[in-house]
Every structure is written in C-alpha cells, then in structure tokens.
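Q: could you work out the structure for the sequence below:
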Amino acid sequence: MSTEFKKVSIHSVPAMKAEADEHIADALQSQGYRESFALMDTKLVLGFSSVAMTGLMYYLEKEYKNDFTNKEYVWYLQLVVAAFFTLQSLLYLFSKFVLKDIKYKGSKKGKSITVSTSTSSKTDPNYQITIEADGSSHKITIPLNEVFFDDGYLSLDAFNSKIASFIESIDKSK
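A: Alright, predicted model coming up:
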C-alpha cells in the first residue's frame, strides 16, 4: 500500500483525479482484492521490445558501417524498422483501446474486477468510477470535494469508505 500523499490544488480537477487514481489500489486492497499487473506487463513488453529494436538498429549501423550499398545491411535494416513500427503501432493500439481509462485490475476469491475512472471535464469535480465485475458494469460518482481536505490532501478514510460501500453493494448484488 502506498501511503504517500501529495498536496494538490483543490481547484485543479485533473490533479485531484490523478491523486485519487493513485490510491484506488489501496482502497481495493483494503477490501481484499489482489492487483493483477498483466496489462501493465504487456505494455512494458511492447515498449522494451521497441527499445531493443532501436538498439539492434544501432548495432547494425556500427557493424555494417552504415553502408547502404550493402544489400544485406539494407534488408536487415528494413526488417528491423518494420518490426519497430509494428511494435509501436501495437503499443499505441493497446494503450488506446485496451487500457483506455483502466486504473486497476484485480481479483478476490476468483472474482475479477476492472476499474476505470474519469471526469466529464477538467472543471467538473465529479469522479466517475466504473467497475466491471464478471460481465456486469457498475458506476458510481464521487464528488472530489468530499474526499479531499481543504488543504489539498486526500482523506484516505473518506475515499476508502465510499469505495468500500460501493464494493459491498456490488458483492451483495452477485
């Protein structure tokens, strides 16, 4: 559990949303959920593979002394550049369509949940949480001014209690 709190401006909805997003895992862990990092691991594999392709391009450049008259070098370079752009495209599509606004993916006793968060605009302080649990979607809206102190720190007790009551209502509905 991360217990570090940052002071944020209570007049900045994106800053308050980011701070609340950082503590979603804490709130769900207190409810007995165990976080799954499979989505983040996939994103890391795609990113590191792209970096490996750039390293391979550098190695090929030094090995063949950047001689574009050498057909073998040009063929290898085309292959590596194509692999790099394919990996970057996959990473973009994965981030855009799979991850979207997902902030947490976890499970508890065989029941998996996916948590997405959003705000309707940069000025609307309503923090919308969508929890997909075993095929059904549940939504709650939490006014950010109810979970932040006047000095800009997140009230973890208030935040946890709102999420806990929401999770309990989802658990009872199953």
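Q: burial of residue 127, as a residue count?
A: For residue 127, the neighbour count with other CB atoms under 10 Å is 23. Every C-beta, even on glycine, is put in place using the N, C-alpha and C of the backbone.
Q: how far away is the nearest residue to it once chain neighbours are set aside from residue 114?
A: Excluding the flanking residues, the one nearest residue 127 by CB to CB, 6 or more residues apart in numbering is residue 142, at 4.6 Å. From residue 142 across to residue 114, the span is 18 Å (CB to CB, to the nearest Å).
Q: before we move on, what about residue 95?
A: Distance from residue 95 to residue 114, by CB to CB: 16 Å.
Q: and the two? Which one has more around it.
A: Comparing residue 95 with residue 114 by neighbour count (other CB under 10 Å), the higher total belongs to residue 114, at 17 against 14.
Q: part of a strand, is the more buried one?
A: Yes: per DSSP: H, G, I helix; E, B strand; the rest coil, residue 114 lies within a strand segment.
Q: so what's the residue nearest to it when sequence neighbours are not counted scoring on pLDDT?
A: Of all residues not flanking residue 114 in the chain, residue 132 sits nearest, at 4.5 Å (CB to CB, 6+ apart). pLDDT for residue 132: 94.
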